[in-house]
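Have a look at this fold, sequence not included:
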């Protein structure tokens, strides 16, 4: 068999992109993960403010969308297994404390993702928002580069166990409605709750509540009681407002 030494020499002498090397080292050091397709992770850390100034450059918004869904499923399954005696309402409340924007941004900061994110500096962009979005995109990239089980294992071992203090999470106040009303009072906003659909046999005895702030509809929630529906609507509103 004839060996093409020129091709072998080219393969080993080819210089790797410094940024790709940086990403590879980050993945190995922080998550013990070896990337198969590093381009996925380049996209995961590219903000649209950067990609908009470069031709043939993708941003991380699609990966962020995917990662958000994957994180939600991983955390839901983890809590389902961890708290076998708790009901759906309890699990939903705990999950909301883990997958909210504030917590994801905190994890992104702890991982020092700001050192890797490519974005156009000098614009009014909140770094914490970039870190939270990039973290979601990172999980989306790992999912595409491997599979769900690998992503789940990495998230549980390298994220949940290192950065989530369940004792603190469970000790936090879960009354979203009270938190929202206090926020409204501080900001001199009129907050009201409206039951859009009462519980009937036709809709499975489920109430639908809407949060109204200064006559504008915000979050919506459903529940088997008015209180539960209002809590869910308050939680969604706080997420939309970036309050949790």
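Now that the structure is in, tell me what you want to look at. This structure is a prediction, so every number in the text was calculated from the model and none was measured.

C-alpha only now, for contacts and for neighbours.
OK.

which residue packs closest to residue 113, ignoring adjacent ones?
Spatial nearest neighbour of residue 113, chain neighbours left out: residue 131 (5.9 Å); criterion: C-alpha to C-alpha, 6 or more residues apart in numbering.

mind checking which helix or strand that neighbour is in?
Assessed by DSSP states H and E, residue 131 sits inside helix 127-145.

Tell me which residues of stretch 87-104 come out buried.
By neighbour count on 16 or more other C-alpha atoms under 10 Å, the buried set for stretch 87-104 is 91, 93-104.

mean confidence for it?
For stretch 87-104, mean pLDDT rounds to 85.

What of stretch 59-69?
Stretch 59-69 comes out at a mean pLDDT of 93.

what about that stretch, distance to the chain center?
Centroid separation for stretch 59-69 versus its chain: 9 Å, with C-alpha atoms, centre = their mean, to the nearest Å.

what's the answer for stretch 110-130, then?
With C-alpha atoms, centre = their mean, you get 15 Å for stretch 110-130.

Hey, what's the angle from the lengthiest helix in the chain to helix 127-145? Just curious.
Identified as the longest helix of the chain according to DSSP state H is helix 61-82. Helix 61-82 and helix 127-145 are oriented at 80 degrees to each other (axes from the mean of the first three to the mean of the last three C-alpha atoms, to 10 degrees).

could you point out which element follows helix 61-82?
helix 88-98.

shouldn't the residue nearest to residue 113 be in contact with residue 110?
No. Under the criterion of C-alpha atoms under 8 Å, residue 131 makes no contact with residue 110, lying 9.6 Å away.

The two: who's more crowded?
Neighbour count, other C-alpha atoms under 10 Å: between residue 131 and residue 110, residue 131 has more, with 26 against 13.

check contacts around the more buried one.
Applying C-alpha atoms under 8 Å, 6 or more residues apart in numbering, we find residue 131 in contact with 104-105, 108-109, 113-114, 117.

Redo those residues as JSON lines? Include distance to residue 86 and secondary structure.
As requested, the contacts of residue 131 are exported to JSON lines (distance: C-alpha to C-alpha, whole Å; DSSP: H, G, I helix; E, B strand; the rest coil):
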{"residue": "104", "distance to residue 86": "24", "secondary structure": "helix"}
{"residue": "105", "distance to residue 86": "28", "secondary structure": "helix"}
{"residue": "108", "distance to residue 86": "29", "secondary structure": "helix"}
{"residue": "109", "distance to residue 86": "31", "secondary structure": "helix"}
{"residue": "113", "distance to residue 86": "34", "secondary structure": "helix"}
{"residue": "114", "distance to residue 86": "37", "secondary structure": "helix"}
{"residue": "117", "distance to residue 86": "39", "secondary structure": "coil"}
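
can you put those in CSV and add distance to residue 145?
Shown next, in CSV, are the contacts of residue 131 (distance: C-alpha to C-alpha, whole Å):
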residue, distance to residue 145
104, 21
105, 23
108, 20
109, 23
113, 19
114, 22
117, 19
